[in-house]
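1. Sequence first, predicted coordinates after that:
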Amino acid sequence: MTDERGRQERRRRREGAIPGVLCESAIRAKPDVIIDAVMGHESGGEQLKALPGLREARWVSVPSEDLLHPGPNIGRGLRTLFEMIHGVPAPDAGVS
């Protein structure tokens, strides 16, 4: 990312125009799991997946909108999030 473009992006994030994490911050963090919530839209994800610090991560895509929109399906969305992060089914909490 060019210095000027990076400055512009950081300014827009400070102003609340762009939610999320700066690429530079994500690269430094070297995450184990990256959750892609773009939902099928082209986002340049392949370029991001090739960056050092990100290519080693396990990339998972959000399979439905249950997690992205608050409402009656948020519980199902949270179970899905658990499974995406941990790679195993969520424990049964006795709540459906």
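-> Ah, there it is.
2. What segments of the protein are helices?
-> Along the chain, counting by DSSP state H, helices occupy 3-14, 23-29, 45-49, 74-86.
3. Out of the ones you listed, the one nearest Arg58 is which?
-> helix 74-86 (9.2 Å; Cβ to Cβ). (Glycine included, C-beta is placed from N, CA and C.)
4. what comes up buried for the closest one?
-> 77, 79-81, 84 (16 or more other Cβ atoms under 10 Å).
5. so how far is Arg10 from Met84?
-> Noted for Met84: a distance of 28 Å to Arg10, by Cβ to Cβ, to the nearest Å.
6. same thing with Ile74?
-> 31 Å.
7. ok, the spatially most central residue of the chain - contacts?
-> For the chain, Ile35 is the residue whose C-alpha lies nearest the centre (Cα atoms, centre = their mean; 3.4 Å). Applying Cβ atoms under 8 Å, 6 or more residues apart in numbering, we find Ile35 in contact with 60-62, 81, 84-85.
8. would you list those in CSV and tack on pLDDT and distance to Ile27?
-> Listed next are these as CSV, based on pLDDT from 0 to 100; distance: Cβ to Cβ, whole Å:
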residue, pLDDT, distance to Ile27
Val60, 88, 18
Ser61, 86, 20
Val62, 86, 22
Leu81, 91, 23
Met84, 90, 21
Ile85, 91, 20
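9. Kindly present those residues as TSV, with separate columns for distance to Ala29.
-> What follows is the contacts of Ile35, written out as TSV (distance: Cβ to Cβ, whole Å):
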residue	distance to Ala29
Val60	16
Ser61	20
Val62	20
Leu81	18
Met84	18
Ile85	15
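10. Which two of the residues you listed have the greatest separation?
-> Farthest pair in the contacts of Ile35 (Cβ to Cβ) is Ser61 and Ile85. Separation: 12.9 Å.
11. ok so, going back, so what pairs up with the residue nearest to the centre of the chain in the strands?
-> Val60 (DSSP bridges).
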